[in-house]
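J.: sequence and predicted model, in that order:
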Amino acid sequence: MKRLQYRHHRRASQALAPLGISLVQWDTLRHLHRKPDASLHDLAVLTFQTDQSFGSLAARMVDRGLIERVPGPGRAVKHRLTEKGARLRAEGQDIMDELAAASLAALSADQLDQLGELLDLALGPDPTA
């Protein structure tokens, strides 16, 4: 699983480079698309980063016009996609969909179903559900 993930991430980084975004930046755009107005902490958790490292990433993305910070309740700061960020997220999604399809192209429909079942079994029940 780790080798496939590594190969997929390497190919994704190369494919996203012409858009001028990294895989981590695209992942942030993807999560903001799914969860508008997310806090810095929420985005750090979703992208597997610390609050501090995500804060640095978010600042760079704000500077590039990919996301914007908006006031939330109290001292909270929320984040939103800009028009540019939304466009790059969509373009990146097309790239990522193609990469995922290519990564799994050697598997038949039955093998894909079996892979899904095996992964579900390995993950077991969600302890937070």
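T.: Good, I have the coordinates. Residues are numbered from 1 along each chain as shown.

J.: tell me the SS of Glu68?
T.: strand (DSSP: H, G, I helix; E, B strand; the rest coil).

J.: tell me the contacts of it?
T.: Shown in contact with Glu68 (Cβ atoms under 8 Å, 6 or more residues apart in numbering): 62, 79-82. Heads up, the C-betas are built off the backbone N, CA and C, glycines and all.

J.: scan these and report the most crowded one.
T.: His79 (24 neighbours; other Cβ atoms under 10 Å).

J.: just the element for it, please.
T.: Using DSSP states H and E, His79 sits within strand 77-81.

J.: check Ala86 too.
T.: helix 83-103.

J.: could you tell me the angle between that helix and strand 77-81?
T.: Relative orientation of helix 83-103 versus strand 77-81 (axes from the mean of the first three to the mean of the last three Cα atoms, to 10 degrees): 70 degrees.

J.: and helix 83-103, which residues are buried?
T.: 85-86, 88-89, 91-92, 95-96, 99 (16 or more other Cβ atoms under 10 Å).

J.: just checking, His8 touches Glu98?
T.: No. Using Cβ atoms under 8 Å, His8 makes no contact with Glu98, being 11.7 Å away.

J.: biggest separation within the contacts of Glu68, which pair?
T.: Val62 and Leu81 (11.4 Å; Cβ to Cβ).

J.: returning to what we had before: just give me the closest of the buried residues of helix 83-103 to Asp126.
T.: Met96 (24.2 Å).

J.: give me the nearest residue to the closest one, chain neighbours excluded.
T.: In this structure, Met96 finds its nearest non-sequential neighbour in Ala12, 6.3 Å apart by Cβ to Cβ, 6 or more residues apart in numbering.

J.: who's in contact with that neighbour?
T.: Applying Cβ under 8 Å, 6+ apart, the residues near Ala12 are 23, 26, 95-96, 99.

J.: would you say it is within a helix?
T.: Yes. Under three-state DSSP, Ala12 sits within a helix.
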